[in-house]
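# predicted model and sequence follow; I will ask about them next.
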Amino acid sequence: MALAVDLVNSKPVTVEELVRRCTDAGLVVDQPVEAEDLDRTLALLRDWERVVDADEPSRVELVNRRLAEAAAYPRLTDHAGDGWHLHYRDDEASFVEMLNSVIFVGTALHLVGRGMHRLGRCGLDECDRVYADTSRGGRQRYCSPRCANRDAVRRHRTRSRPRP
């Protein structure tokens, strides 16, 4: 989920950047990544943004559609020798198919585990960044403490102005 948020909020512009950011997030990229994979990844991210912006029924439909594309039985693997984990994709999946599985299975797990409302856009009017709410209380409305503080200062100044 964090990878999807990161990639949407700051879209990669080169294949090298895309691969680096995926590996920095802990993904093992052991398949070739070509120039067209960057375009396909950007299209995948646009689809994921539709999930962020959708109401609950549409959100479910969009996620389920992408999960169907990633359909593979879950299985334990230690393919990279770094410990056992679950894969929700075929071993022969392309880079973008792998990203589809990681992003949309992660999204589904986040939404059912934390709540369908815990994915959104920043509440600051001039910011359109995405967040995945992992807060304890489930009331996150901003993408960052910086945006939350800016909005709080703005609200305070509005209340503190002398009224004519």
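Sure thing, it's come through.
# and after the worst-scoring helix or strand of the chain on mean pLDDT, which helix or strand comes next?
The helix or strand of the chain with the poorest confidence is strand 85-87; it has a mean of 82 (mean pLDDT, DSSP states H and E). Note on strand 85-87: by DSSP states H and E, the next helix or strand toward the C-terminus is helix 95-114.
# what mean pLDDT does that next one get?
Averaged across helix 95-114, pLDDT comes to 94.
# below-threshold pLDDT in the chain: ranges please.
163-164 (pLDDT under 70).
# which residues of the protein fall in strands?
Per DSSP state E, the chain carries strands over the ranges 75-77, 85-87, 119-121, 130-132.
# need the contact partners of the second one.
Counting by C-beta atoms under 8 Å, 6 or more residues apart in numbering, the neighbours of strand 85-87 from elsewhere in the structure are 72, 74, 75, 76, 77, 78, 79, 101. Using the backbone N, CA and C atoms, a C-beta is placed for each residue, glycine as well.
# now with 7 Å?
74, 75, 76, 77 (C-beta atoms under 7 Å, 6 or more residues apart in numbering).
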